[in-house]
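[1] just the structure for this:
(chains A and B)
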Amino acid sequence: MKISRYIELHARSAFSFLRGASFPEHLAETAANLNMPAMALCDRDGVYGAPRFFAAAKEKGVRPIIGSELTMEDGTVLPVLVETRTGYQNLCRLITQAKLRAPKNESAVRWEELPQFVEGLIALTGGDEGPLLKAISTLGSTHPLTPSLSPSRGEGDRPPRSTLCPSGREGARRAGEGERHAPQHILEKLLRIFGPKHLFVELQRHRLRGEERFIRSLVQLAGHYRLPVLATNGVLYAQPYGREVLDVFTCIRHHTHLDAAGKLLTQNSERYLKNAEQMCELFGDLPEAIENTRSLEERLQFTLADLGYQFPVYPTAPGERMDEVLRAHTYAGARDRYGEVPDKVRQQIEHELALIQRLGFAGYFLIVADLVKFCRENNIMAQGRGSAANSTVCFCLRITEVDPLKYHTLFERFLSEGRKSWPDIDIDLPSGDRRERVIQEVYRRYGKHGAAMTANVISYRGRSAAREIGKALNVSNDVLDRFSHLFANGDFPHTMELRAQMEQAGLPRAHPRARAFVSLYQTIYGLPRHLGQHSGGMIICQDQLDSIVPLENASMPGRVVAQWDKDDCADLGIIKVDLLGLGMMSVLQDAMELTHQRGHPIDLARLPENDPATFAMMQKADTIGVFQIESRAQMATLPRMKPECFYDLVIEVAIIRPGPIQGDMVHPYLARRAGKEQVTYYEQSLQPVLEPILKRTLGVPLFQEQMLEMAMKLADFTGSEAEELRRALSFHRSEERMQRVEKKLRAAMERKGHGSKVIDEIVGAISSFALYGFPESHAISFALLAYGSAYLKTHRAPEFYASLLNNQPMGFYAPATLVKDAKRHGVKIRPVCLERSDWRCIIETDGAVRLGFCVVRGLSQTRVEQFLKERARAPFGSLEDFKARAVLNKDELRTLAEIGALNCFAAHRRNALWQVEKPHRPEELLQNEKNGPKREARTDRSPLLPMTPVERLAADYRGMNLTTGPHPMALIRSQLQNIWRAIDLPKARPGQTVRIAGNVICRQRPGTAKGFVFVSLEDETGVSNAIVAPPLFEKLRLVITQEAFLIIKGQLQNSEGVVTVKAQHIEGLCHEQLIGSASHDFH
Amino acid sequence: MFAVIHIPDFFLQAALRLEPELHSCPVALVEANLPKPVILQLTQAARDAGLSEGMTPTQALARCPVIAIKTRSVAQETAASEALLDCAFAFSPCIEATGPGLCTLDLKGFKDLCCDAMGKKILNRLLQLHLAGQVGVAENPLLALHAARFAHPFLLVENSGEFLRALPVESVEPSREMLSILKKWGIHTLGAFTALGQEALGERLGPEALALFEKATATATRPLKCVHRPETFEEAIDFEHEFETAQPLLFVLRRFIEQICLRLEMVYRVADELKLRLIFSDGPDYEHVFKIPAPTRQIDTLFRMLQTHLETLQTAHPIRGLHLSARPGRATPQQLGLFEAALRHPHQFYETLARLTALVGSDHVGTPAIEPTYRPDSFRMQPVPFVAMLSEQGSTQPHDRMQALQGLCLRRFRPPLPAQVECSDRHPVAIQSAQFNGRVSKANGPWLISGNWWEHPSWGREEWDIQMQDGNLYRLFQQGSDWFLDGVYD
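    Numbers count the residues shown, from 1 in each chain, chains lettered A, B, ... in the order given. Prediction:
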């Protein structure tokens, strides 16, 4: 048999979300292995997988063709392929239109709107969900078959007793009458819309009994209307085993399980990517169907390389060029920053402006600067982060707050000649409403179809994969629940072997479905599950963004999200502005406002440098609530690092990151800093080259910039090669990419004659940066915030804590812990009070923090603000008066009474509880309105007894999840034997066996800690820390992760002021009086 | 006077009735089908290990790694409820099924009532039914209920005021919201509750509080909603793990028979019909009715009947539940039906009949129903009229029927005929079988079909339609490496 060339033109990837079972990359790779020169990806209602498919196919030498399956209003599915850029733009607009008017995750293209979008598109009649085949199968089952075009009962379906030829005038007449859903009618409709040159009758054979009847009908129809036939395999997975995943996905989609799914499941595993030989064999009787794939492929010349994306033009005055405007703005900003612009700054600005002009990026800088200006004008704190902080132009435009010349950061890290893609400018904004205002401003400026959030692809990970597979395999909820609990949260390597985990969850190895569970888990892990929206990444476009990528509604009202994630957008040259919400920015802005209100203002931009008190606090690791340096690992490093100046803080921020930890750089740096180890630069011979690069980090590479410079010096990497390395370093999703660059680096260093030991060390250091190393400029930006927050904590503690409490949830610690920490710092925290509290926490005249109603659970902000207005109009005279004028429901009133917020009108909490239940009498309200509220003395009329301290504690935690009273541990302290308090631990002898106990406020298991778990226990005196070795953790995993209070026995370690207990035994601390806040786990 | 029988931790006791030895071990009962399963009830040993109701199973395992976690079984609870009523009927004809694990007896008409002795008798009967109960006796049903809840294990209330004051407020069963309010108020006992005053309570907490006040004083009596004696005696279990062999089933069935006979004995009846229902993990229920020619409550006789049947029964699916019910009759001579001849040894006859069924297999009796799957020949036998199928899931879609009707008819060989097939270029060219031999002139296929890949063994086959040189058309299929002729097209 002559083997023709076959191109698969109808395939879905897992980005069709539960309708396809393979990664686009896997499809591309398989196509390459099958020597397929081109292939089309047609995801359902979108081009979700197209960028990944494009990149992978290009790399493998397969020409990537774009298409999509469109869900039509009648439920049929119409595949279309993109022929030209116009066609692509039409497809994107059509999908956007259908998606934006439909509920999330749905789409329905109207037949009547299709004609205006068909230019540049080619339609296939589709597979079993296609409009034509649906019509044929419906006709076959419910109507008498039209003789002229009836599905024959011929070969394959049933044996040929006699050939059934098209004949019969009666049948033709009936077809002529044509019901709306008759196949002829559908085909004529498609012909009218697309025209004969843009419509192919699609034929699929999956070796299913019965399909020949339909093939025969389709061929007859194609012949009748003189349309070409096209063979496809309707691919749903790359390899046959993908069928299992698809069946599971089908169950998930239909909310059923495999035992009950019956005929929803597939009949065989034939919808994999087949080679030309297999397809030619299948269509041996219809060779033109194969031939046509080749001729059609030749027509489909559009690829994503031809996207035609343009960044918006910054509006300038007539005759004014954007480069000139940028120059003017930059110098104006420079004068503002420096006064008289120093020569060094001028030189740098000129250098940067020249490069920006050459690369044509002036408009981008202006637009971002304009956005930052909007923030400033609207009193929204904004600060650029990331590599933009390497640019003096950005500094002058006030996009960033870091002066690159002061910190000698490398501009080429941000922009270089070799750079093809747009630079990243990420802007940190206060989280919450203020960030939302900026996002909405971007939508306002560029229109709903001109701007969108980038997508965030949510993938199947441990818990979600196991749960969905378990449900499909009909495993009980109880077992799945236990399986999920055995994951200890967070993004760290999961150390429990899958089968062991299954067994612990109650699914023994011998279970008849255990094998399927394991195999499915491994296959499904990492496949896309659904599309979310990125936390802050926005893309904008000169013309309509909806002609570049389809847009759809996000779950959040008022938000539109693109179908691609930020990496996809970056790969395709679409510019992205990250508008990231930082809780700490909100805290800082709020705290600054409070300092202004209290008459001792602080300006973050003008904080005293290297304030000794602030650094003294850091050296004691007294950093709960401080940005970036409050984690357990940071707190364990601070007493060793002993930061004394701002740059030390920059290093502190950068060093406790997976990159440097994994690359074993932390210990050498600390040892060199402490003078315990000599500062070296790998080899004596390399000192002249490396000293200028690594001197400021004592010979230890800690920043991405240093890595790039080292590569340029030691391996003679050009600017473009360094750029490639930078991309690989920041490209977390491709290990392969990293390995390729690593190989290149190694080879180049070998060529330069470096020793293998040095090469190993340097390559190892650079590779570890693929695991989230910081660029120096980014670390500086973060250190600015860290310093600002530490300074506030030291010098304006009430404002700092009030702002922290007002911006929860954020950071590592629960409000309960923050309240206790505040008290340890001498800040008075007063309970919520009806007469004095606002919605947010405030500072009273004596400097005490008054908790706001925002800390109370279940209170409606709107209703609270209503009664606060009432209170402002006229103070409440009594509890009755409050009840009459506040529109609160009974639950809210009870909560307020229970936490003591109504004690201003009652002798005690129970008294208030007794009173809030008393029904309100309308005549009292009328009387109040007439006479005005009358202040009444607190009433003691209640038969209820006051709460005991334990009851008050429980009520506080129930109502606020915190208490301003004693710590729960204080209440049972007298009943505990041989337990060390946190405050006493430093007095213990190192090596001594001690027992500590407290409320678990933090459980951490960093990926870099080789399975060690860090547990922090809070008692009434402070926080004590324990380390749990992996074997003990595995043994007591559930005790550690499930118990709210723990007793830990172990050996005390005191290393340079860092006190920890190395756990030997752990047990739950069970006591009926204990109630604790939720812990912050595994982040 | 009224007596109330209370089975504390009733759901758990129902779940452990067949494993009474577990009462002394740490066991927790969960409602497994909730989105977030939590512990409902616990054995004392589990409480001693620090567990409490409301914990998640994972938290329980954290605190007590040896805990046995049982799931709630409606079937076992129903059976236990019925057993409780049976026990009660042995003492009074006027019985109210007050709630799960609660039953109220009207003791009116008892002469020289010795409450103590009667309580002991009731408790002993319950123990025989593998239920540990508590009995309270008082002047009205509500007071008796309170007494039963706090009995150890028997309590006769003589001074109602004093007794009630010490009771926890939960005993009057306030709603969740009401209980929450009372707890916030620090009200823990009925004494403290009533001390607040009826008027003040009514003003603040409305009609529910007034109703609770009534309950808390327990002065009023009420008529019982009497139930009738059960028409059947049922025992049931939902297994946590599926069974594939008869042996463990027989063990459970023996206990069921013992319990049912005990319950029959309490009401002086015998069984004249047994109904066995097996619940499969992924198929329809199987039900078999054993008509007992000579009604009896002899454990061995009844058990042998079940045993014989089960030994011959083969099922395609593992068993996850078992129900056995007995219809009570009287052990008196009765008129046989027209076609039922008098048997000398009726039980032996039914045993013999069961053995005969074993020879042909019970799955060869009845009418076939198509399973909703692509698996060829996938059907189940509907044992009609001898065996009743409870659930029907066959595909009756018009589309399917049409598909089935189109084309030529296939006359099936049952079983398919093994064949030797010669292939060329992966196509069959000649076949040889016991009945049909010859060259293949034309072959269409293969049609590939497979399924149940998640199980072992899964299934799959490759089908061909072939035309022999003599013009006859056959369906041929390959399963593994073996070929079979499936049928001939008419």
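[2] right, and residue A:1045 touches residue A:1074 too?
    Yes. Between residue A:1045 and residue A:1074 there is a contact at 5.2 Å, judged by CB atoms under 8 Å. Where you see a C-beta, it was placed from the backbone N, CA and C, and this is true even at glycine.
[3] any common contacting residues for those two?
    Residues touching both residue A:1045 and residue A:1074 (CB atoms under 8 Å, 6 or more residues apart in numbering or on different chains): A:968, A:999.
[4] contact partners for residue 74?
    Because you didn't say which chain, this covers chain A. When contacts are counted by CB under 8 Å, 6+ apart, residue A:74 is found next to A:111, A:131.
[5] you looked at the wrong chain, it should be chain B
    Residues in contact with residue B:74 (CB under 8 Å, 6+ apart) are residue B:238.
[6] next, give phi and psi for it.
    The phi and psi values for residue B:74, taken as degrees, to the nearest 10, are phi -60, psi -40.
[7] do the one 5 residues further on as well
    Phi and psi for residue B:79, reported as degrees, to the nearest 10, are phi -60, psi -40.
[8] tally of neighbours for it?
    The burial metric for residue B:79, expressed as a neighbour count using other CB atoms under 10 Å in any protein chain shown, is 27.
[9] hmm, it is touching residue B:18, no?
    No. Between residue B:79 and residue B:18 no contact is recorded; they are 9.8 Å apart, counting by CB under 8 Å.
[10] who touches both of those two?
    Contact criterion CB under 8 Å, 6+ apart; residues bridging residue B:79 and residue B:18 by contacting each: residue B:237.
[11] parallel or antiparallel, which strands does whichever strand or helix holds residue B:3 pair with?
    Using DSSP states H and E, the secondary-structure element containing residue B:3 is strand B:2-6. In its sheet, strand B:2-6 lies beside strand B:102-106 (antiparallel), strand B:134-138 (antiparallel), with partners assigned from DSSP bridges.
[12] can you tell me what sits against that strand?
    The list of residues contacting strand B:2-6 from outside it, by CB under 8 Å, 6+ apart, reads B:84, B:87-88, B:91-92, B:98, B:101-107, B:115, B:118-119, B:122, B:126, B:133-141, B:143-145, B:147-149, B:151, B:224.
[13] apply 7 Å and report the result again.
    Around strand B:2-6, the neighbours that count as contacts under CB atoms under 7 Å, 6 or more residues apart in numbering or on different chains are B:84, B:88, B:98, B:101-107, B:122, B:133-138, B:140-141, B:144-145, B:147-149.
[14] now that strand: how far from the chain's centre is it?
    The gap between where strand B:2-6 is centred and where its chain is centred comes out at 27 Å by CA atoms, centre = their mean, to the nearest Å.
[15] and the next helix or strand past it?
    Using DSSP H and E, the helix or strand that follows strand B:2-6 towards the C-terminus is helix B:10-15.
[16] packing partners of that following helix?
    Taking 3 or more CB pairs under 7 Å, 6 or more residues apart in numbering or on different chains; DSSP states H and E as the contact definition, the neighbouring helices and strands of helix B:10-15 are strand B:27-30, strand B:39-42, helix B:74-89.
[17] list the buried ones in that helix?
    Buried residues in helix B:10-15, counting neighbours by 16 or more other CB atoms under 10 Å in any protein chain shown, are found at B:10, B:11, B:12, B:13, B:14, B:15.
[18] tally of neighbours for the residue lying closest to residue A:1068 once chain neighbours are set aside?
    With sequence-adjacent residues excluded and distances taken as CB to CB, 6 or more residues apart in numbering or on different chains, residue A:1068 is closest to residue A:1043, at 3.7 Å. Counted with other CB under 10 Å, residues neighbouring residue A:1043 total 21.
[19] now do residue A:1056
    Residue A:1056: 11 surrounding residues under other CB under 10 Å.
[20] isn't it up against residue A:637?
    No. Residue A:1056 is not in contact with residue A:637 according to CB atoms under 7 Å; the separation is 10.0 Å.
[21] just for the chain, where's the confidence low?
    Using chain A. Scanning chain A for pLDDT under 70 picks out the ranges A:1-4, A:140-181, A:418-421, A:488-495, A:543, A:729-736, A:769-773, A:921-940, A:1007-1009, A:1075-1083.
[22] try chain B instead
    Within chain B, the set of residues satisfying pLDDT under 70 comprises B:111-113, B:293, B:331-367, B:381-406.
[23] domains for it, by residue range?
    Segmentation of chain B into domains, based on automatic domain parsing, reads B:2-156, B:160-217, B:233-329, B:366-404, B:410-489.
[24] ok, residue B:205 - contacts?
    Here residue B:205 is in contact with A:917, B:178, B:181 (CB under 7 Å, 6+ apart).
[25] now with 10 Å, please.
    Applying CB atoms under 10 Å, 6 or more residues apart in numbering or on different chains, one finds that residue B:205 lies in contact with A:917, B:174, B:177, B:178, B:181, B:182, B:185, B:196, B:212, B:213.
[26] of those residues, closest to residue B:67?
    Proximity of these to residue B:67 (CB to CB) peaks at residue B:174, which lies at 30.6 Å.
[27] neighbours of the closest one, how many?
    Taking other CB under 10 Å as the criterion, the count of residues near residue B:174 is 23.
[28] just confirm it is within a strand.
    No. Assessed with DSSP: H, G, I helix; E, B strand; the rest coil, residue B:174 is coil; it does not lie in a strand.
[29] pretty sure it contacts residue B:201?
    No. Taking CB atoms under 10 Å as the contact criterion, residue B:174 and residue B:201 are not neighbours in contact, 11.3 Å apart.
[30] what do those two both touch?
    B:182, B:187, B:193, B:208, B:209, B:212, B:216.
[31] quick check: the second one touching residue B:196?
    In other words, residue B:187. Yes. Counting by CB under 10 Å, residue B:187 sits close enough to residue B:196 to count as a contact (7.2 Å).
[32] what touches both of these two?
    Where contact means CB under 10 Å, 6+ apart, the residues bridging residue B:187 and residue B:196 through contact with each are A:943, A:944.
[33] comparing those two, which residue is more hemmed in?
    For residue B:187 against residue B:196, the residue with the higher neighbour count under other CB under 10 Å is residue B:187, and the figures read 24 against 20.
[34] just say helix, strand or coil for the closest residue to chain A within the stretch 351-490 of chain B.
    Checking the stretch 351-490 of chain B residue by residue against chain A with CB to the nearest CB singles out residue B:407 as nearest, at 3.2 Å. Judged by three-state DSSP, the three-state class of residue B:407 is coil.
[35] just the strands in the stretch 51-200 of chain A please.
    In the stretch 51-200 of chain A, strands defined by DSSP state E, counting those that start in this stretch lie at A:63-71, A:77-82, A:121-124, A:199-203, listed in chain order.
[36] please read the previous query as pertaining to the stretch 201-350 of chain B.
    In the stretch 201-350 of chain B, the segments counted as strands under DSSP E, counting those that start in this stretch are B:233-243, B:270-280, B:286-296, B:319-329.
[37] ok, back up a step: from the buried residues of helix B:10-15, which single one is nearest residue B:290?
    Of all the buried residues of helix B:10-15, residue B:290 sits closest to residue B:14, with 25.2 Å by CB to CB.
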